[in-house]
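Asks: this is a predicted model, with the sequence first.
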Amino acid sequence: TSSPYFTMWEAPPLSALEEAVRSPETSPVGMRMRAAYFLRQEYDNAIRNGASTSYIKNDDGGGDAQSQEEEQKTAPCTAGATEEDRIAGRVIDLLGVGLCDARHGSLIRHEFAYVMGQLRDERCCPALERTLLDEADCVMVRHECGEALGAIAAQRSVAILRAAIEANPNSPEIGQTCQLALD
């Protein structure tokens, strides 16, 4: 019998990762944590290695017509994009969705931000910047967004990092992290 949850060492299909990110209320916390790291693996397979093993081997062509239609609504613009760029964009979109969804809780959202920083892809910046500047959000999550923006090192984020420093002069978790990101 097959489990509705993916195993720790087996790369699940991209559709299963998407389900874990988009439905935190029905996905156990360990599954969502592993989804963040499997999404990183998908990105690496697509961008660095030129193929996405689980997407190609396990997704059976992208699912049914309804799921394909939903993907087109939520995926970044892919006109003229290679399959590798389309998969990478889908991964970045899913990580951003997870980061911005408070239902995941601070620890998992922190992990989504961490993985986005590891990707070092400027397409991650909008979600990271929004979360960093949200003063109502958890300090741990915002701190990780600052670190991730520093790892990405995009010129577009310099003003955002400076604004976070100015808005958080008494917060070493935010102010000092953002200063380190700029250094």
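Replies: Right, received. Where do you want to start?

Asks: going by C-alpha atoms from here, please, whenever you check contacts or count neighbours.
Replies: OK.

Asks: now stretch 85-92, how far from the chain's geometric center?
Replies: With Cα atoms, centre = their mean, to the nearest Å as the basis, stretch 85-92 stands 10 Å off its chain's centre.

Asks: please read the previous query as pertaining to stretch 17-37.
Replies: With Cα atoms, centre = their mean, you get 12 Å for stretch 17-37.

Asks: and that stretch, what's buried?
Replies: For stretch 17-37, the neighbour count (16 or more other Cα atoms under 10 Å) marks 17-18, 20-22, 24, 27, 29, 31-37 as buried.

Asks: start to end distance for that stretch?
Replies: 10 Å (Cα to Cα, to the nearest Å).

Asks: could you number the chain from 55 rather than 1 from now on?
Replies: Right, with 55 as the first residue, what we last looked at is stretch 71-91.

Asks: got a list of contacts for it?
Replies: 59-60, 62, 92-93, 148-149, 151-152, 157-158, 162, 165-166, 169 (Cα atoms under 8 Å, 6 or more residues apart in numbering).

Asks: return a ChimeraX selection command for the buried portion of the residues you listed.
Replies: The ChimeraX selection below is limited to those of the contacts of stretch 71-91 classed as buried (16+ other Cα under 10 Å):
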select :60,92,93,148,149,151,152,158,162,165,166,169
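
Asks: mark which of the contacts of stretch 71-91 are part of helices, please.
Replies: In this view, the contacts of stretch 71-91 that belong to helices under DSSP state H are 92-93, 148-149, 151-152, 162, 165-166, 169.

Asks: low-confidence stretches in the protein?
Replies: 55-63, 105-133 (pLDDT under 70).

Asks: quick one, what contacts residue 197?
Replies: With Cα under 8 Å, 6+ apart, residue 197 has these contacts: 186, 227-228, 231-232.

Asks: same thing with residue 170?
Replies: 146, 149, 178, 202.

Asks: closest to residue 209 out of the contacts of stretch 71-91?
Replies: Taking Cα to Cα as the measure, residue 209 lies nearest residue 169 of the contacts of stretch 71-91, at 19.7 Å.

Asks: what strand or helix carries residue 141?
Replies: Secondary structure from DSSP states H and E places residue 141 in helix 137-154.

Asks: centroid residue for this protein?
Replies: For the chain, the residue sitting closest to the mean C-alpha position, by Cα atoms, centre = their mean, is residue 149 at 1.9 Å.
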